[in-house]
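Novice: Pasted the sequence and its predicted model underneath.
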Amino acid sequence: MMDFARPPIGVFDSGVGGLTVLQEIRKRLPGEDYLYLGDTARLPYGSKSPATVQRYALNAARHLVDRGVKLLVVACNTASSYALDEVAAACPVPVIGVVEPGVRAALAASVRRIGVIGTEGTVRSEAYQRALRRADPKVTVEAAACPLFVPLAEEGWGDHPVTDLVAEHYLRPLLDRGIEALILGCTHYPLLRPSLERVVGREVRLIDSATSVAASVVADYGGMMDTWYGEEGDVHLQFSDASDRFLGITRRILGRDPEHLEVVDI
Ligand code: DGL
């Protein structure tokens, strides 16, 4: 059972992709303790209905709140798209999702034509499309669901000819419509960066939701964080299922074996 010296930051994703978000937050706030929950038993969220994603996300959020997190980061784009309001209403701590930070980062790049890619759920929810148009009615948004990207990322094919081919198929219509920036609206997509960069070329800026949410955590909540005295905080990982497959991907993202890992029945 985990033991923290002070309340941790909670990070939640449907699986292991959210570790890309955790890594980015940790780079900026290394002295904090972290409790990461990957709902690997219920993954994927991206192909589920809104009601199911909301139920799963609420369940995961309650689990983390019960373990004393002081801030909850919903790293999963699908859960942020379908369930952020419900989670925020149910939690007594600040809740931050990935959609608004991604939108802010895209608009900060002063572009007019913005592409968004994500799971079927994220794209169908129109959460990014609405948030972009609300923030700047003059932007044009082109969105595409890329369901094969998650398995490709999990396969470790982030720099692979097959991924180039699939990316070309999904992204060509957006590129033909002249997008200037592309929001990677899924936790897994930063793992595909080498292939994605090759396909979109230098002219299109990739907006990574992992870095933009980490920047927002610091900007919006940095004041409630502990002063850093030079010692790294603890990172505890909890998964609702821990198959060898997920553990392998976890190692790949973290670049090492996780120190504290627990399987939880949520
Ligand atoms: N974590 C999900 C997301 O960011 C991708 C994986 C899934 O479909 O559950 O949308």
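Specialist: Looks like it came in fine.
Novice: what comes into contact with stretch 253-262?
Specialist: Outside stretch 253-262, the residues that touch it by CB atoms under 8 Å, 6 or more residues apart in numbering are 1-2, 16, 19-20, 23, 191, 234-239, 242, 247, 250-251. Quick note: C-beta positions are derived from backbone N, CA and C, even for glycine.
Novice: Sort out for me which of these are in helices.
Specialist: Among these, the members falling in helices (DSSP state H) are 19-20, 23, 247, 250-251.
Novice: close enough to count as contact, residue 119 and residue 80?
Specialist: No. Using CB atoms under 8 Å, residue 119 is not in contact with residue 80; the gap is 11.1 Å.
Novice: Of those two, which one has the most company?
Specialist: residue 80 (33 against 29; other CB atoms under 10 Å).
Novice: What separation is there between the more buried one and the ligand?
Specialist: Going from residue 80 to the ligand by CB to the nearest ligand atom, to the nearest Å gives 8 Å.
Novice: List the residues that contact that residue.
Specialist: By CB under 8 Å, 6+ apart, the neighbours of residue 80 are 74, 97-99, 127.
Novice: before we move on, what about residue 104?
Specialist: Counting by CB under 8 Å, 6+ apart, residue 104 makes contact with 135, 212, 216.
Novice: JSON lines for those, including distance to residue 148?
Specialist: Listed next are those as JSON lines, based on distance: CB to CB, whole Å:
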{"residue": "135", "distance to residue 148": "30"}
{"residue": "212", "distance to residue 148": "24"}
{"residue": "216", "distance to residue 148": "29"}
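Novice: Need these in a markdown table (columns: pLDDT, secondary structure and neighbour count).
Specialist: What follows is the contacts of residue 104, written out as a markdown table (pLDDT from 0 to 100; DSSP: H, G, I helix; E, B strand; the rest coil; neighbours: other CB atoms under 10 Å):
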| residue | pLDDT | secondary structure | neighbour count |
| --- | --- | --- | --- |
| 135 | 96 | helix | 13 |
| 212 | 89 | helix | 24 |
| 216 | 91 | helix | 21 |
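Novice: and which of these is nearest to the ligand?
Specialist: Nearest to the ligand out of the contacts of residue 104 is residue 212 (CB to the nearest ligand atom; 13.4 Å).
Novice: So how do I select the buried members of the ones in helices among the contacts of stretch 253-262 in ChimeraX?
Specialist: What follows is the ChimeraX syntax selecting those of the ones in helices among the contacts of stretch 253-262 that are buried according to 16 or more other CB atoms under 10 Å:
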select :19,20,23,247,250
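Novice: that older thread, most neighbours among the contacts of residue 80, which one is it?
Specialist: The member of those that has the most neighbours, counting by other CB under 10 Å, is residue 98 with 33 neighbours.
Novice: Stretch 60-76 close to the ligand?
Specialist: Yes. Stretch 60-76 lies within reach of the ligand by CB under 6 Å from any ligand atom, at residue 76.
Novice: what's the first-to-last distance across that stretch?
Specialist: 11 Å (CA to CA, to the nearest Å).
Novice: now do stretch 185-204
Specialist: Using CA to CA, the end-to-end distance of stretch 185-204 comes to 15 Å.
Novice: List just the nearest of the ones in helices among the contacts of stretch 253-262 to residue 181.
Specialist: Of all those, residue 181 sits closest to residue 20, with 18.8 Å by CB to CB.
Novice: helix, strand or coil for the residue of the stretch 1-150 of the chain found nearest the ligand?
Specialist: Nearest residue of the stretch 1-150 of the chain to the ligand, counting by CB to the nearest ligand atom: residue 46, 2.8 Å away. When classified by DSSP: H, G, I helix; E, B strand; the rest coil, residue 46 comes out as coil.
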